[in-house]
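Asks: got a predicted structure here, sequence first:
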Amino acid sequence: MTPSVHITGDPDADALLSAEPLALLIGMLLDQQVPMETAFAGPAKLRDRLGQLDAAELASYDADALIDVFRISPSIHRFPGSMAGRVQSLAGAVVNDWGGDASAIWTRGKPDGGEILARLKALPGFGEQKAKIFLALLGKQYGLEAGGWRAAAGDYGTEGSYRSVADIIDPASLTKVREFKRAAKAAAKG
C-alpha cells in the first residue's frame, strides 16, 4: 500500500512525498524557518529541476551547482546555500549508510520505534525533535507498524493531537496545527 500524505496543498508534491521516502526525508529536513507547505514542496521542486530525485546523484552533485539549483526562483528554501549543503549531507548519509534507500532507515532489520528514532537522530540535520516528528509522520501517515513508535515519538505520537506536520491530513488539520504552534509560542513567551 502506498501512503497518501497531504501536506503541501499541491497534489504533485504530495504524490512525490507519498511515493518516495527520500522526498519525505528531505521535506522534513527542509522544515525549518519556512512554512511547512514550502518545506515539503521542496523535494518536488528539486526533482523537477534535476529531472529526478536520487540520493546518489544529490550526494555527488557539485556543491556550488546544487546551491544554484536551490536558488532558482521560486527558491527551494529561504536559505538556499546552507540547506543545499544539508540536503547533500543527508543524501550522502542515505547512500553511505543505507545503500541509497531512504526507507531502509525505518525498515531494515525490522527495527522498533526506539531504534528508528536513534537511526533518524544519527542523520545530518535531524536532532531529537525533528526525529520524533518524522517518526510520528511515519507512524501516523506513512503506515509504519514498528512496535513502540508512538512512545518513541513522545507527544508527537499522541493519537488525535494536532502539534506537527505528522498531524496534517487536510486544510482543517493544518489550521489546528498552526493554532497549536501559536499557542505554544505564546505560552513560551508568557
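Replies: Looks like it arrived, so ask away.
Asks: residue ranges with poor pLDDT in this structure?
Replies: 1-2 (pLDDT under 70).
Asks: element containing S18?
Replies: In this structure, S18 sits in helix 11-19 according to DSSP states H and E.
Asks: in that helix, which residues are buried?
Replies: 13-18 (16 or more other Cβ atoms under 10 Å). Glycine gets a C-beta too; all of them are placed from N, C-alpha and C.
Asks: relative to P124, which of the residues you listed is nearest.
Replies: Relative to P124, the closest of the buried residues of helix 11-19 is L17; by Cβ to Cβ it sits at 19.9 Å.
Asks: does the closest one touch F40 like I think?
Replies: Yes: using Cβ atoms under 8 Å, L17 makes contact with F40 at a distance of 6.1 Å.
Asks: which neighbours do the two share?
Replies: In terms of Cβ atoms under 8 Å, 6 or more residues apart in numbering, L17 and F40 are both contacted by the residues 7-8, 27.
Asks: now these as a markdown table including secondary structure and neighbour count?
Replies: What follows is the shared contacts of L17 and F40, written out as a markdown table (DSSP: H, G, I helix; E, B strand; the rest coil; neighbours: other Cβ atoms under 10 Å):
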| residue | secondary structure | neighbour count |
| --- | --- | --- |
| I7 | coil | 24 |
| T8 | coil | 25 |
| G27 | helix | 29 |
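Asks: farthest-apart pair in the buried residues of helix 11-19, please.
Replies: Within the buried residues of helix 11-19, two members stand farthest from each other by Cβ to Cβ: A13 and S18, at 9.7 Å.
Asks: identify all contacting residues around the helix holding S18.
Replies: 2-8, 23-24, 27, 40-41, 43-44, 47, 53.
Asks: let's go with 10 Å and repeat that
Replies: Helix 11-19 is contacted from outside by 2-8, 10, 22-28, 37, 40-48, 53, 137, 141-142, using Cβ atoms under 10 Å, 6 or more residues apart in numbering.
Asks: what's the answer for stretch 168-179, then?
Replies: 4-9, 35-37, 40, 137, 140-141, 161-167.
Asks: give me the buried entries from those.
Replies: Buried among these (16+ other Cβ under 10 Å): 5-8, 36-37, 40, 137, 140-141, 161-167.
Asks: tell me which of those fall in helices.
Replies: Those of these mapping onto helices are 36-37, 40, 137, 140-141, per DSSP state H.
Asks: from those, which two are the most distant?
Replies: It's E37 and K140 that sit farthest apart of these, by Cβ to Cβ, at 17.6 Å.
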